[in-house]
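J.: Give me a 3D structure for the following:
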Amino acid sequence: MKLRFVAPLAGMILLAACQSGSDASSGRGAPVIASVAATQSLDDVDQAFMIDHFKHAMETALNGQASSWTNPSSGYQVQVTPTRMYQQADNTYCREFTQTITAKGQPATTRGTSCRQSDGTWQITG
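T.: Next comes the predicted model:
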């Protein structure tokens, strides 16, 4: 199954608001798929690969430290750079980030905020 996103930022906001940060079929957070431009698509394998790597970047990268990876099956390249971390009043940890996904030679860059949920997933909140 392929997913297409028409407006990267609108898609990211809609994912945060409507899906509560979850991929409906797997129950895992799906923040990284939102920034893919209209001419690009991610299949289920790409989504799973990027969700796992996004979580690792959010958990381990220092502010300003880019984490990059390439999915060997599709060739999609992703770079995520956390830019700020903070703790909300309810003790939830959140990170602002910049993300670039390059697919078929076309980069799509977005900025967002993702918060760590009690189950360990990262949900886009803005």
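
J.: What is the neighbour count of the nearest residue to Gln88 once chain neighbours are set aside?
T.: Of all residues not flanking Gln88 in the chain, Cys94 sits nearest, at 6.2 Å (CB to CB, 6 or more residues apart in numbering). Placement of C-beta: from N, CA and C, glycine included. The number of residues packed near Cys94 is 19, by other CB atoms under 10 Å.

J.: elements contacting the helix or strand where Ser114 lies?
T.: Here Ser114 sits within strand 106-116, counting by DSSP states H and E. With contacts defined as 3 or more CB pairs under 8 Å, 6 or more residues apart in numbering; DSSP states H and E, the packing partners of strand 106-116 are helix 8-18, helix 44-60, strand 93-103, strand 122-124.

J.: Tell me who's in contact with Ser67.
T.: Residues near Ser67 by CB atoms under 8 Å, 6 or more residues apart in numbering: 53, 56-57, 60-61, 79-81.

J.: Which of those residues are buried, as a PyMOL select command?
T.: Restricted to buried positions by 16 or more other CB atoms under 10 Å, the PyMOL selection for the contacts of Ser67 reads:
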select buried, resi 53+57+61+79+80+81
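
J.: now the contacts of Ser67 in a markdown table, with pLDDT?
T.: Shown next, in a markdown table, are the contacts of Ser67 (pLDDT from 0 to 100):
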| residue | pLDDT |
| --- | --- |
| His53 | 88 |
| His56 | 91 |
| Ala57 | 93 |
| Thr60 | 93 |
| Ala61 | 95 |
| Gln79 | 94 |
| Val80 | 94 |
| Thr81 | 96 |
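
J.: Just send the contacts of Ser67 back as JSON lines, with distance to Ala89 too.
T.: Formatted as JSON lines, the contacts of Ser67 follow (distance: CB to CB, whole Å):
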{"residue": "His53", "distance to Ala89": "30"}
{"residue": "His56", "distance to Ala89": "27"}
{"residue": "Ala57", "distance to Ala89": "25"}
{"residue": "Thr60", "distance to Ala89": "25"}
{"residue": "Ala61", "distance to Ala89": "24"}
{"residue": "Gln79", "distance to Ala89": "31"}
{"residue": "Val80", "distance to Ala89": "26"}
{"residue": "Thr81", "distance to Ala89": "26"}
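
J.: Tell me which two of the contacts of Ser67 sit farthest apart.
T.: Using CB to CB, the pair of the contacts of Ser67 lying farthest apart is Thr60 and Gln79, separated by 14.8 Å.
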